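Undergrad: turn this into a model:
(4 chains)
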Number of protein chains: 2
Amino acid sequence: MSEPRWLDAAQQRDWRAYVDGSVRLTEIMDRDLKTKHGLSVSEYEILVRLSEAPERRLRMAELAENASQSRSRLSHTCSRLENKGLVKRDSCPNDKRGVYAHLTDEGFAALERAARDHVETVRTFFIDVIEPEDLEAIGRAFSMVRKRVGPSA
Amino acid sequence: MSEPRWLDAAQQRDWRAYVDGSVRLTEIMDRDLKTKHGLSVSEYEILVRLSEAPERRLRMAELAENASQSRSRLSHTCSRLENKGLVKRDSCPNDKRGVYAHLTDEGFAALERAARDHVETVRTFFIDVIEPEDLEAIGRAFSMVRKRVGPSA
DNA sequence: GGAACGTAGTTGAGGATTCAACTATTTCCG
DNA sequence: CGGAAATAGTTGAATCCTCAACTACGTTCC
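TA: Numbering: from 1, shown residues only, chains lettered A, B, ... in the order given. Predicted structure coming up:
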């Protein structure tokens, strides 16, 4: 086995800054949403995607893909959201295997409330501390990562 | 309650690219380490920090801070690592409340093996797909985030 | 038609993480 | 000194996530 291509000092510094920063950032996002609105980030993501879909509904598989979650995880999380009354599932007429998840009115209202606080947090800990051109670089970079990783949650 | 300062289109695009890309990236890292070496990313991080510490040992609190984990989580994870024989804990002479976690030889060997594959994955899905100047931007940006978030895991 | 294979989604068990409570020790300060 | 408050670390219960089955339906193709 040949010697691996180790990172140089600068690459290591930047990679670690990213890992460290992002872990702590998501932790804050999570705690913030959870204490103020009783939602985890993954639940929030699901509500967001549904709210943007036509008729506020999506097939489970598509929702899983959009929210970057495994289907299993989505099933579990959807069950919880359904118990809270924020989402409702019903079967799909065309494809009898299929299930539509759709946002309830209550779910939409909960999302609207949560989003107001969430965007403030995103600004405070992310957008507002980053130079605009660095933010663009992040967008570019993670789009490439996203592309490289490929589909399949 | 006043209208929140919503993100503009570009900010939203970049923020979402980051969230999406980073979620999928960590998922890959995790699966990769777990299938090839039976380690989760958080376990790996712990081994890394210990390996870099003087005498390959750290107090639990400091290790938690370095690895961006809560103390509770670190306790649990350390117990697992101890069962695997990769880490050993023993009490601190100066401060009787304190505990030192230190890397065993076996732990160091496991880390060396894992690191070879891990760096390859980091390159494949992150470093190598990002323009060098964008990588620097990421380093800058997340250092600021890190600073803004402050200490305490 | 129907066998083989692929896709949609759920479920349960086992693991990992969070949160709050708890013990033990140290520090602070009147 | 001595009691209040802070710090270090662990634990257990509840929650959440992952993984590997599993059911059910659709598609292909002979």
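
Undergrad: per-residue pLDDT of A:Glu3, please?
TA: On the pLDDT scale, A:Glu3 is placed at 86.

Undergrad: does it count as helix, strand or coil?
TA: Using DSSP: H, G, I helix; E, B strand; the rest coil, the structure places A:Glu3 in coil.

Undergrad: the lengthiest helix in chain A close to DNA strand D?
TA: Identified as the longest helix of chain A according to DSSP state H is helix A:9-37. No - using CB under 7 Å from any atom of the strand, helix A:9-37 never reaches DNA strand D; the gap is at least 7.9 Å. In this view, the C-beta of every residue, glycine as well, is placed from N, C-alpha and C.

Undergrad: elements contacting that helix?
TA: helix A:41-52, helix A:105-125, helix B:132-149 (3 or more CB pairs under 8 Å, 6 or more residues apart in numbering or on different chains; DSSP states H and E).

Undergrad: just send the ones you listed back as CSV, with mean neighbour count, distance to A:Ile28 and mean pLDDT too.
TA: As requested, the helices and strands packed on helix A:9-37 are exported to CSV (neighbours: other CB atoms under 10 Å in any protein chain shown; distance: least, CB to CB, whole Å; pLDDT from 0 to 100):
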stretch, mean neighbour count, distance to A:Ile28, mean pLDDT
helix A:41-52, 20, 10, 98
helix A:105-125, 17, 6, 98
helix B:132-149, 19, 6, 97
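
Undergrad: tell me which of those lies nearest to DNA strand D.
TA: Between DNA strand D and the helices and strands packed on helix A:9-37, the shortest gap by CB to the nearest atom of the strand is with helix A:41-52, which sits at 4.4 Å.

Undergrad: send me that closest one as PDB with only the CA atoms.
TA: Only the C-alpha atoms of helix A:41-52 are listed here, as PDB (Å, rounded to 0.1, in the frame of the first residue of the first chain):
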ATOM      1  CA  VAL A  41     -33.400  20.500  12.000                       C
ATOM      2  CA  SER A  42     -34.400  17.400  10.000                       C
ATOM      3  CA  GLU A  43     -38.000  18.000  10.900                       C
ATOM      4  CA  TYR A  44     -37.700  21.600   9.900                       C
ATOM      5  CA  GLU A  45     -36.100  20.700   6.600                       C
ATOM      6  CA  ILE A  46     -39.000  18.400   5.800                       C
ATOM      7  CA  LEU A  47     -41.500  21.100   6.500                       C
ATOM      8  CA  VAL A  48     -39.500  23.500   4.300                       C
ATOM      9  CA  ARG A  49     -39.400  21.100   1.300                       C
ATOM     10  CA  LEU A  50     -43.100  20.300   1.600                       C
ATOM     11  CA  SER A  51     -44.000  24.000   1.800                       C
ATOM     12  CA  GLU A  52     -42.200  24.700  -1.400                       C
END
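
Undergrad: what parts of chain A come near DNA strand D?
TA: A:40, A:42, A:69-70, A:72-73, A:76-77, A:80, A:95-97.

Undergrad: quick one, what contacts the residue nearest the centre of chain A?
TA: Central residue of chain A (CA atoms, centre = their mean): A:Glu45, 4.3 Å from the mean position. By CB atoms under 8 Å, 6 or more residues apart in numbering or on different chains, the contact set of A:Glu45 is A:67-69, B:19.

Undergrad: which of those sits closest to DNA strand D?
TA: Taking the contacts of A:Glu45 together and measuring to DNA strand D by CB to the nearest atom of the strand, the closest member is A:Gln69, at 6.6 Å.

Undergrad: residues near the closest one, how many?
TA: By other CB atoms under 10 Å in any protein chain shown, the residues close to A:Gln69 number 22.

Undergrad: returning to what we had before: in the longest helix of chain A, which residues are buried?
TA: Residues A:11, A:14-25, A:27-29, A:32-33, A:37 are the ones in helix A:9-37 that count as buried (16 or more other CB atoms under 10 Å in any protein chain shown).
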